[in-house]
Structure formats: structure tokens, C-alpha cells
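S.K.: What follows is a predicted structure for the sequence shown.
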Amino acid sequence: MYNRYSDLELMQLLKKGDQKAFTEIYHRYWKKLLLMAWNLSNRSDHAKDIVHEVFMSLWERRNTLEIQNPAAYLVTSVKFSLFKYFQKEYRRAGLARENCIFDEASYDEQALDAIFLQEYIDGIVEEMPEKCKLVFRYSRDLGLKNAEIAQKVHISEKGVEANLTRALRILRSGLKDYGLTILVVLSQYVSRFK
């Protein structure tokens, strides 16, 4: 029965949490998306991962997305995910060349991930509003307490707390693609804010 629905009808059902509608969308597009991702990346394992992530994102964000053309949305999502993947790999290779001396046997993926994540966080912090960034840096880099920060920035302690809360919100938003990694990173920052 679901194979008779149009894409738009399926999206409306999906928005209501209909798993069968999601399954029908998946069956309609997964092969095309996988072929496209494989053609663009030349790596079947990466292509499979990216298509899987796109469909997981579609399901997780079903309540907030307004999609009029699911085919175009899915193709664009796969292309954007591939772009982010290649950008991350390029950046990671650059960081490895700059910061790590290693041979093939001593390659440490976690060290590179940590370096990349720190650089990524620094980039997010640089984009914060000026006062928010300043308060965040005093707290994180210098380890100052809220009262000390309030004196330096000439705002109340409540203002410091509000700026730190805003900084955390910006970080959460910027790191949402990192999954569980965000929990580890943010727990370190939250403990410094207290």
C-alpha cells in the first residue's frame, strides 16, 4: 500500500513517525544514493556509511524537516555529507603533517581526532559573539571563576553564567555531528564552569 503513495504523502506520514513510510522512502532511494556516493568517493565502505547516516538523520530529524522534494533533499544530503567527509579527511591529513611525526605503524587515530576536534571547537568559539567568546576564554583557557570573570569583563555573575550557557549552546549546536564525542568534550567544559 505504501508503494502507491507519492513522495510528498510519504513525507507527511514520516513526519508523524510512520516507520513504514520511512521504510518505503528508504527502499525507493537507497540504491541510487549508494551508487552516487560510491561514484563520488570510490570507496564502498564510505559510501555505505554516508548513505546510512543520511537516512538516520532523516529519521531523527523527521519532526523538524520541511521537505517538498525528498529525492532532491536526499541527493543533496549525500553530496553535502561527502563534502564534509572529504573536508574532514583533508584537514586531518594536514594536521597529521603539522603536528605528528609518525610512521605507518604508529599512526594514532585518536590523537588526530583530538587535534581535529580541538581545532574545530576553536573555530566555533571564534565565531561566537565577542563578549560570549571572551567569557568562555577566561573560563576555559585561564580557569577563572565566575566572580573573577565578572570583575574582568565588568558584568554581573549572572551575566557570566548567561554567556557561558550561551557558549555551551553554540558548542552543542556546532558539535551535534560528533555524536557521543560531544558528551565527553562538553562534560569537560561544564565542569570548568562550575
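M.R.: Yep, it's here. Only a predicted model underlies this, so the values are computations on that prediction, with no experimental measurement involved.
S.K.: quick one: the helices in this protein?
M.R.: 7-15, 19-41, 44-60, 70-99, 109-126, 130-140, 146-153, 157-174, 181-193 (DSSP state H).
S.K.: can I see the domain layout of this structure?
M.R.: Listed by automatic domain parsing, the domain ranges of the chain are 2-91, 107-193.
S.K.: Figure out how far the longest one is from the centre of its chain.
M.R.: Average the C-alpha atoms of domain 2-91, do the same for its chain, and the two points are 16 Å apart (Cα atoms, centre = their mean, to the nearest Å).
S.K.: looking at it, E161 is touching N146, isn't it?
M.R.: Yes - E161 is in contact with N146 according to Cβ atoms under 8 Å; the separation is 6.4 Å. Every residue, glycine included, has its C-beta placed from N, CA and C.
S.K.: between those two, which one's more packed in?
M.R.: N146 (20 against 15; other Cβ atoms under 10 Å).
S.K.: show me the contacts for that one.
M.R.: S139, E157, V160, E161, L164, F193 (Cβ atoms under 8 Å, 6 or more residues apart in numbering).
S.K.: again with N63
M.R.: So N63 contacts K15, G17 (Cβ under 8 Å, 6+ apart).
S.K.: Enumerate every residue touching S44.
M.R.: W38.
S.K.: mind checking how far it is from R137?
M.R.: 43 Å (Cβ to Cβ, to the nearest Å).
S.K.: got it, and S41?
M.R.: 38 Å.
S.K.: How about T76?
M.R.: 36 Å.
S.K.: what does the average pLDDT come to for stretch 87-101?
M.R.: The average pLDDT for stretch 87-101 rounds to 71.
S.K.: Equivalent analysis for stretch 35-52, please.
M.R.: 86.
S.K.: Which among the domains of the chain is found nearest to E98?
M.R.: Taking Cβ to Cβ, domain 107-193 is the member of the domains of the chain nearest to E98, at 8.8 Å.
S.K.: If you count surrounding residues, which of T76 and R137 has more?
M.R.: R137 (15 against 12).
S.K.: Now do the contacts for that one.
M.R.: R137 neighbours (Cβ under 8 Å, 6+ apart): V125.
S.K.: switch the cut-off to 10 Å
M.R.: The contact partners of R137, taken as Cβ atoms under 10 Å, 6 or more residues apart in numbering, are V125, M128, L144, I149, A167.
S.K.: what two of the residues you listed have the greatest distance between them?
M.R.: M128 and L144 (17.1 Å).
S.K.: Could I get the helices of the chain in a markdown table, plus columns for distance to M1?
M.R.: Output for the helices of the chain, formatted as a markdown table (distance: least, Cβ to Cβ, whole Å):
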| stretch | distance to M1 |
| --- | --- |
| helix 7-15 | 11 |
| helix 19-41 | 9 |
| helix 44-60 | 20 |
| helix 70-99 | 18 |
| helix 109-126 | 45 |
| helix 130-140 | 51 |
| helix 146-153 | 59 |
| helix 157-174 | 39 |
| helix 181-193 | 40 |
